[in-house]
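Test case, fold it:
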Amino acid sequence: MDLQNQTQFILASASPRRRRLLQQAGYRFETAPSDVDETAFEQNATDSQQLSTQLALIKAECIARQFPERIVLGADTVVDADGHIIGKPGDAAHAEQIVRLLFSRPHKVITGVALVCIDKAIKIVEVDVTTVYPHPLTEQQITGHIASGNWQGKAGAYGIQESGDAFVQRIDGSLTNVMGLPMERVERLLGQVGIHPH
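Presented below is the predicted three-dimensional model:
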């Protein structure tokens, strides 16, 4: 097999945003989404950083068991508003409730990142935290955002890459973390196990 065409690792996620960030950085990888039921963990969670790292590791380990010789990257993003853990909205009404809460105060976007390879005994788990300072939204903006459907499948019910400056005043930390994968941290961790962009 041509080594140039071999993939470097497996991404245990179906997120198009994570896939795009890794592709833009120049990595070659496959995706194999894990079927972990996140809701069971979210219901019992009391600490947002612990939840995100726990889920990232469980997702990575789930896929690593299927491909023990491969390095697997798992990630999980949650939003923390005053200690309240916010995951992905279940429906439009839930999304509106989340948006009203988050855009009235600063909140934290927290992503757990895990690298696992069973055959090489690799298990690395870290967490990245970005504080988001939002613009207060008008009723018209909230209605338009919910109608757009851009909240679907996103922790915190918004995507900074779509809403951008209209929603966010400034951030303290990694921008790509808010998009779903803290690339500065991911590149450092992949580098530790000998994986570099091409």
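
how much space between residue 52 and residue 8?
Distance of residue 52 to residue 8, given as Cβ to Cβ, to the nearest Å: 24 Å. Every residue, glycine included, has its C-beta placed from N, CA and C.

Looking at these two, which is more packed in?
residue 52 (30 against 19; other Cβ atoms under 10 Å).

what comes into contact with the helix or strand containing the more buried one?
For residue 52, the enclosing helix or strand under DSSP states H and E is helix 48-66. Helix 48-66 is contacted by residues 10, 12-13, 32, 34-36, 38, 41-42, 45, 70, 72-80, 83, 85, 108, 110-118, 123, 125-127, 129 when judged by Cβ atoms under 8 Å, 6 or more residues apart in numbering.

Look up the pLDDT of residue 41 for me, please.
Looking at residue 41, its pLDDT stands at 78.

and what of residue 125?
98.

what are the pairing partners of the strand or helix carrying it, and which direction each?
Using DSSP H and E, residue 125 maps to strand 122-134. Strand 122-134 pairs in its sheet with strand 107-117 (antiparallel), strand 168-172 (antiparallel), by DSSP bridges.

Between helix 48-66 and that strand, find me the angle.
Taking axes from the mean of the first three to the mean of the last three Cα atoms, to 10 degrees, strand 122-134 and helix 48-66 form an angle of 140 degrees between their directions.

Tell me the helix or strand right after strand 122-134.
helix 139-148.

Show me what the helix or strand hosting residue 191 is packed up against.
Secondary structure from DSSP H and E places residue 191 in helix 183-192. Applying 3 or more Cβ pairs under 8 Å, 6 or more residues apart in numbering; DSSP states H and E, one finds that helix 183-192 contacts helix 16-25, strand 72-81, strand 107-117, strand 122-134, helix 175-179.

Export the first one to PDB, keeping only CA atoms.
It refers to helix 16-25. Extracted C-alpha coordinates of helix 16-25, given in PDB (Å, rounded to 0.1, in the frame of the first residue of the first chain):
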ATOM      1  CA  PRO A  16     -18.600  17.800  10.400                       C
ATOM      2  CA  ARG A  17     -17.000  20.700  12.200                       C
ATOM      3  CA  ARG A  18     -14.300  18.500  13.800                       C
ATOM      4  CA  ARG A  19     -13.600  16.700  10.500                       C
ATOM      5  CA  ARG A  20     -13.200  20.100   8.700                       C
ATOM      6  CA  LEU A  21     -10.800  21.500  11.300                       C
ATOM      7  CA  LEU A  22      -8.600  18.400  11.100                       C
ATOM      8  CA  GLN A  23      -8.700  18.400   7.300                       C
ATOM      9  CA  GLN A  24      -7.800  22.100   7.200                       C
ATOM     10  CA  ALA A  25      -4.800  21.400   9.500                       C
END
